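In: Sharing a sequence plus its predicted fold:
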Amino acid sequence: MKPIIAKVQSSQIRKDHPVFRPGDTIRVNVRLKEGEGDKERIQPFEGVVMSRRGELSGESFTVRRVSFGVGVERIFPVHSPMIGSIEMVRQGRVRRAKLNYLRQRKGKAARIKRVETYSAPVPSAPSE
């Protein structure tokens with residue numbers, strides 16, 4: 001990418017999102033316009049991140065959830081004003097960048113391993 005374009009796009013990037021990867025479960029709060037008025041509401045969309053693609057202001061990610069037995073996938077631009085916020089629900093451990101194989105899985109077969117966060121034990125004071 002040309003440095004001039006990258007400089008212009010870097011000013012349009014949102015920095016308030018958490019770091020997330022494919023396999024993580026996130027909750028995307030989407031702003032929706034209601035009716036013809038200026039009414040606006042926020043609708044959460046929670047699911048597993050299937051993939052991320054693109055760079056800078058053209059970056060997007062795909063989130064998949066199963067709703068009433070039907071798989072629903074939505075593609076969100078990362079830096080869109082349509083996104084109110086992104087919350088990390090849980091981290092998952094996967095070994096690939098695109099999780100398209102989850103489309104053929106259902107039930108327990110579609111589970112993703114959780115990331116085990118290791119915290120070192122706190123050394124206690126020696127007792128006398």
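Out: Perfect, I can see it now. Numbering: from 1, shown residues only.

In: Next, work out how far apart T25 and E73 are.
Out: 14 Å (Cβ to Cβ, to the nearest Å). The way it works is simple: take the backbone N, C-alpha and C, and place the C-beta from them, glycine included.

In: In terms of packing, which of these two has more residues around it?
Out: The neighbour comparison of T25 against E73 (other Cβ atoms under 10 Å) goes to T25, with 19 against 14.

In: ok now do the nearest residue to that one once chain neighbours are set aside, which residues does it touch?
Out: Spatial nearest neighbour of T25, excluding adjacent residues (Cβ to Cβ, 6 or more residues apart in numbering): V89 at 4.3 Å. Shown in contact with V89 (Cβ atoms under 8 Å, 6 or more residues apart in numbering): 24-27, 46.

In: Please, which helix or strand holds V89?
Out: Assigned by DSSP states H and E, V89 falls within strand 83-90.

In: Following element in sequence after that strand, please.
Out: Criterion used, DSSP H and E; the element after strand 83-90 is strand 92-93.

In: Which parts of the protein are strands?
Out: 25-34, 39-53, 60-67, 70-77, 83-90, 92-93, 113-114 (DSSP state E).
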